[in-house]
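Q: Requesting a structural model of the entry that follows:
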Amino acid sequence: MGKFVKVAEKKNLSSGQGTLVDVEGRKIALFNIDNEFYAIDDECTHASGPLSEGSVEGTVVTCPWHGATFDVTTGEVLGAPAFDGVKKYNVQVEGNDIKIEI
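A: Numbering: from 1, shown residues only. Predicted coordinates for the structure are as follows:
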């Protein structure tokens with residue numbers, strides 16, 4: 001089991017948004033979906049596009065570079081041109097603090 005590291009505060013991430021967080025050298029995309037928080041690797045598996053900058057609809061993020069889609073709750077790839085999913089991280093909320101397990 002890994003350790004949980006504080007990466008953000010709830011007040012700084014509105015529902016339906018994503019942001020990039022750096023956790024011990026790892027670039028992770030953190031998303032707020034209806035005040036539930038999810039974290040996946042930031043790099044699209046197709047061409048390394050920044051998923052944290054993608055558009056979010058429901059639990060689906062679309063890579064801003066070529067349109068590959070991923071489920072932010074699981075990291076599963078949902079649409080081409082990517083064929084592989086991304087790593088999902090466990091998220092824990094304590095008060096206003098958002099923590100990711102690494």
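Q: Skipping adjacent residues, who's closest to residue 34 in space?
A: Excluding the flanking residues, the one nearest residue 34 by Cβ to Cβ, 6 or more residues apart in numbering is residue 15, at 5.7 Å. The C-beta positions use only the backbone N, C-alpha and C, and glycine is treated the same way.
Q: Count the neighbours of that neighbour for me.
A: Using other Cβ atoms under 10 Å, residue 15 has 11 other residues around it.
Q: surely it meets residue 33?
A: Yes - between residue 15 and residue 33 there is a contact at 6.9 Å, judged by Cβ atoms under 8 Å.
Q: which neighbours do those two share?
A: Shared contacts of residue 15 and residue 33 (Cβ atoms under 8 Å, 6 or more residues apart in numbering): none.
Q: still on that earlier bit, tell me the contacts of the residue nearest to residue 34?
A: Neighbour list for residue 15: 32, 33, 34, 35 [criterion: Cβ under 8 Å, 6+ apart].
Q: Give me the distance between it and residue 28.
A: For residue 15, the distance to residue 28 equals 19 Å [Cβ to Cβ, to the nearest Å].
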